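Engineer: I need the structure of the sequence given here:
(one chain, ligands or ions: 1)
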Amino acid sequence: MSVHIADHPLINHKLGLMRVKDITTKDFRDLASEVSRLLTYEATKDLQTQTKTIEGWAGSVEVQEIKGKKITIVPILRAGLGMMDGVLDMIPTAKVSVVGYYRNEETLQPVEYYVKMTGELEKRIALIVDPMLATGGTLLATIETLKRAGCRSIKGLFLVAAPEGLKRVTEAHPDVEIYVAAVDERLNEVGYILPGLGDAGDKIFGTK
Ligand code: URA
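Structural biologist: Numbering: from 1, shown residues only. Alright, predicted model coming up:
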């Protein structure tokens, strides 16, 4: 399955708090991190482990360690930075690859203005993070950039998605696994998710 909706009491409760109109910057930021940690837990359930033997307090003991592909977190500027620390809390050794896009106001297409990828992408799982999966335009561009750079294992973590964006991305890239805290009703005429969270970047950074 490529879309995983994290229907979990803690996530649902925290997302409900994030929807309150006058939430403070600090509370929004803290909750975005907390939900990101929980989404990371969901998105890493299929990581492979291997057994190794260590010296424990009472002698030899077999333990599990994660094997195989390493992880890069891919925050989409700017709002994706608000999820990065939550993911890093869970995977402290992950490398970070940053991408940024602006919208061409004539074509309405995302235009890449910043890309700084970590190395060996063909050996890594990329965890793209962005609070809102709205039209899916920047997500498609990010997936295409990662694939061009050799990445073959891509997951995306989002707080809220619109059905329109989810459909667009899953049809274009059925191999990409999407983890989302909630799928809301629809996009409005200017591309905001309803009921949504409003402008997630503004709420994380305290701008207006
Ligand atoms: N970006 C946001 O911050 N909010 C939306 O609802 C859509 C895109």
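
Engineer: helices along this structure, start to end?
Structural biologist: Here the chain has its helices, by DSSP state H, at 9-18, 25-43, 81-90, 137-148, 163-172, 200-205.

Engineer: what residues sit buried inside the longest one?
Structural biologist: The reference is to helix 25-43. Residues of helix 25-43 classed as buried by neighbour count (16 or more other CB atoms under 10 Å): 28-29, 31-40, 42-43. C-betas here are computed from N, CA, C, even on glycine.

Engineer: circling back to that earlier point, and the helices of the chain: which comes nearest I54?
Structural biologist: Taking CB to CB, helix 81-90 is the member of the helices of the chain nearest to I54, at 22.0 Å.

Engineer: now the angle between helix 25-43 and that closest one, please.
Structural biologist: Interaxial angle of helix 81-90 relative to helix 25-43 (axes from the mean of the first three to the mean of the last three CA atoms, to 10 degrees): 50 degrees.

Engineer: what sits up against helix 81-90?
Structural biologist: 29, 32-37, 39-41, 44, 73, 75, 94, 96, 127, 129-131, 157, 159, 200-201, 204-205 (CB atoms under 8 Å, 6 or more residues apart in numbering).

Engineer: flag every residue of this structure that's near the ligand.
Structural biologist: The chain has residues A79, M132, A134, G191, Y192, I193, G196, D199, A200, G201 near the ligand, with proximity defined as CB under 6 Å from any ligand atom.

Engineer: again, only this time at 5 Å
Structural biologist: Those residues of the chain that sit near the ligand, judged by CB under 5 Å from any ligand atom, are M132, A134, Y192, I193, G196, D199, A200.

Engineer: out of these, which end up buried?
Structural biologist: M132, A134, Y192, I193, G196, A200.

Engineer: what sits against the fourth one?
Structural biologist: To tie it back to what came earlier, the one meant is I193. By CB under 8 Å, 6+ apart, I193 lies in contact with M132, A134, V160, A161, A162, D184, R186, L187.

Engineer: now rank these by neighbours and give me the top one.
Structural biologist: Within the contacts of I193, A161 tops the neighbour count with 28 neighbours, counted by other CB atoms under 10 Å.

Engineer: show me the beta-bridge partners of it.
Structural biologist: Residues in a beta bridge with A161, per DSSP bridges, are L133, V183.

Engineer: was I right to think it contacts V183?
Structural biologist: Yes: the pair A161 and V183 passes the contact test of CB atoms under 8 Å, sitting 5.0 Å apart.

Engineer: which residues sit in contact with the closest residue to Q64 other than its chain neighbours?
Structural biologist: Nearest non-adjacent residue to Q64, counting by CB to CB, 6 or more residues apart in numbering: T49, 4.2 Å away. Taking CB under 8 Å, 6+ apart as the criterion, T49 is in contact with Q64, E65, I66, K67.
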